[in-house]
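*Asks:* sequence plus predicted model, see below.
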Amino acid sequence: MKLVTKFAVLAAATFAVGLLYVSPVQAGPVTYQDLLTSDDDTSSWLQYGRTYDGHRYVRLDQINRSNVNRLRPVWIFPTGGENRGLQATPLVHDGVIYMSADESRVFAIDARTGAKIWAYDPEVAEEAERVYCCGSQNRGVALLDDKVFVATMDARIVALNKDTGEEIWDTVVHTWEDGYSITGAVLAVKDMVLTGVAGGEFGIRGFVKAFDADTGELRWTAYAIPEGDDSWPGDMWKDGGGSTWTTGAFDPELNLVYWHVGNAGPWNCNLRPGDNKWTAGVIAIDADSGDIVWGFQYTPHDCWDYDSVSTPVLADIVIDGQMRKTLLHHDKNGFFYAIDRTNGEFIYGKPMVPGLNWAFGLDPVTGRPDVNPDFVAVTGGPEVAPIIPSLEGAIDWQPLAYNSDTGLIYFLSNTWAMGYKFYEDCPRPTGAGEWYLCADYQQYIRPDIPVGAFLAVDVATGNEVWRTTNTLPFWSGVVVTSGGLVFMGDNYGHAMAMDAHNGTVLWRFPTGSPITGSPITYDIDGVQYVLFPSGMSGDMTFYYTNPKAGNLIAFALDGGGTPPHPVGNNLQYVPGGHSPVGEAGMFLGGRVIEGYGYPPTEEKPLVQ
């Protein structure tokens, strides 16, 4: 049984404006056409990357460089649960926020007031936690028609009524006991919903699956590792990893879905000679058939756990005097790439991490890395260190933001290092979801340079424009606006706004817990809001212990002013906890005591 709770905000007269405000619990449908044109709607954020091309750029300038220091909190929504943090990108439609939290829980929230409309708990099996790589996380939901879709930590995809939170269908993507889980946001394309899977450390074979949005029936499956491919020794393709644990992008004109692919397995690369397609790369998938049209590997024969997992950014840009349809990507391996998204042709790759040493560079024609053999561990040999960047990467899953008006793209690029060691003992997995690493690592903070870095890059050249550093790693997504601002957060717990032109920090607010989710912005009733998910999550819990949280915080100029409507609250009534006089409650045997004008009664059935 799945748990759905609801909270209705009471309508109240607002004499200041002479209107009656009612909480927006009946939002209109989200059509495929809405998703195609979502760039034009500044009151909404309809999908994970805001638009199919993943730009995360919003043409709003009420909040700008000259007044951003007036940002104040408007409301705070606590997601509760076990406070495992937030990595989600909230969605907004018709004044309602739809957001996921740890354990794949989903909330509908009033975008003006922060009042809860409904909450859904898919009740993930507790024993499924044994196949979680890096904590219980969910990076977002999808909207299509009258439904909201969430993928769960125990490898299901669930469709909910977006107005009530009631479950419509629940489909198993893959048996979780085999090592599969899902942490990424669902992607809605046409009349389908698409999801990848996590589990690259558990001997899986990664894939992207498409399901009918109305029924939950499987439409197609695209395996990230081709069956029997000769880039794998023997049958190691069967459990070679290649997880697809983040969210893709979509080009409607080319009818191609682009999905990044995680590390190869096991981590000990000496046991799997060959390029190990298409791990640590990207695949282009025909949206109708699920056929893979082309693939490109950023790190063929991955020896460093360099997942290629941040969501692709699709942009049409002029490079060397020629208009190119590009796929832009900053990789764990420390290079920033431009790829021709029509055919997978390499355009350029530029190193972004100071001291990068696992490779001498990239082939200027093919993009293939020139690997430094001194930083490939030997099976049974000593630790190799310092490898730069570490397996936590220059970047991990965090989405980038691209301002198509200026040609600048923004992203984190951390500068930490690692030691790596490969083990001789490496039994093949049995398919029961066992760890399949055959290696271990030690994370190192470099003494010569701040570990955290945030960059702006000119996409026409791949050249760095500015860099802002931090003594802790960055771990948040980013949004950029026409107000000349870049919003992101740091691991000190600061919600931050930077000058998009030079990286100067113009505003910060201490939220109390690291920012490891992705901020968004939207406007309603003439007020521009910025949302920040606050709460330490995922890999950061490997290196830091506190403070934990799971709060969504809304900001506006001067706190949005005095709202002309009730702010509501998020209290949930416990039936029978404080019953009206004369009615049975949950205590004292159900008796009604004498007094308040009521006679005593015999015992009644307790409220359950």
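*Replies:* Received the coordinates, thanks.
*Asks:* shaky segments in the chain?
*Replies:* For the chain, the stretches flagged by pLDDT under 70 are 1-3, 5-26, 562-573, 576-608.
*Asks:* let me know the secondary structure of the residue lying closest to residue 450 once chain neighbours are set aside.
*Replies:* Distance criterion C-beta to C-beta, 6 or more residues apart in numbering; nearest residue to residue 450, sequence neighbours excluded, is residue 469 at 3.9 Å. The C-beta positions use only the backbone N, C-alpha and C, and glycine is treated the same way. Classification of residue 469 using DSSP: H, G, I helix; E, B strand; the rest coil returns strand.
*Asks:* same check, this time on residue 270
*Replies:* helix.
*Asks:* mind checking how far it is from residue 146?
*Replies:* 52 Å (C-beta to C-beta, to the nearest Å).
*Asks:* neighbour-wise, which of the two wins?
*Replies:* Using other C-beta atoms under 10 Å as the criterion, residue 270 and residue 146 rank with residue 270 on top: 19 against 16.
*Asks:* could you find the closest non-adjacent residue to that one?
*Replies:* residue 379 (4.8 Å).
*Asks:* swap in residue 36?
*Replies:* Closest residue to residue 36 apart from its sequence neighbours, by C-beta to C-beta, 6+ apart: residue 252 at 6.2 Å.
*Asks:* neighbours of that neighbour, how many?
*Replies:* 14.
*Asks:* can I assume it is in contact with residue 38?
*Replies:* No - Residue 252 is not in contact with residue 38 according to C-beta atoms under 8 Å; the separation is 11.9 Å.
*Asks:* who touches both of those two?
*Replies:* Common neighbours of residue 252 and residue 38 (criterion: C-beta atoms under 8 Å, 6 or more residues apart in numbering): residue 52.
*Asks:* remind me which helix or strand the residue nearest the centre of the chain belongs to.
*Replies:* For the chain, residue 139 is the residue whose C-alpha lies nearest the centre (C-alpha atoms, centre = their mean; 3.2 Å). In this structure, residue 139 sits in neither a helix nor a strand according to DSSP states H and E.
*Asks:* do the same with residue 35
*Replies:* In the assignment (DSSP H and E), residue 35 maps to helix 32-36.
*Asks:* residues contacting the closest residue to residue 250 other than its chain neighbours?
*Replies:* Once flanking residues are discounted, residue 250 sits nearest to residue 52: 4.3 Å by C-beta to C-beta, 6+ apart. By C-beta under 8 Å, 6+ apart, the contact set of residue 52 is 35-36, 38, 249-252, 314.
*Asks:* among the residues you listed, which are in strands?
*Replies:* Judged by DSSP state E, these include 249-251, 314 as members of strands.
*Asks:* against residue 192, how distant is the nearest residue to residue 148 once chain neighbours are set aside?
*Replies:* Residue nearest to residue 148 in three dimensions, not counting chain neighbours: residue 162, with 4.4 Å by C-beta to C-beta, 6+ apart. Distance, residue 162 to residue 192, by C-beta to C-beta: 17 Å.
*Asks:* more neighbours: the two, which one.
*Replies:* With neighbours defined as other C-beta under 10 Å, residue 162 and residue 192 compare such that residue 162 has more, 30 against 22.
*Asks:* doesn't residue 144 make contact with that one?
*Replies:* No - using C-beta under 8 Å, residue 162 makes no contact with residue 144, being 9.3 Å away.
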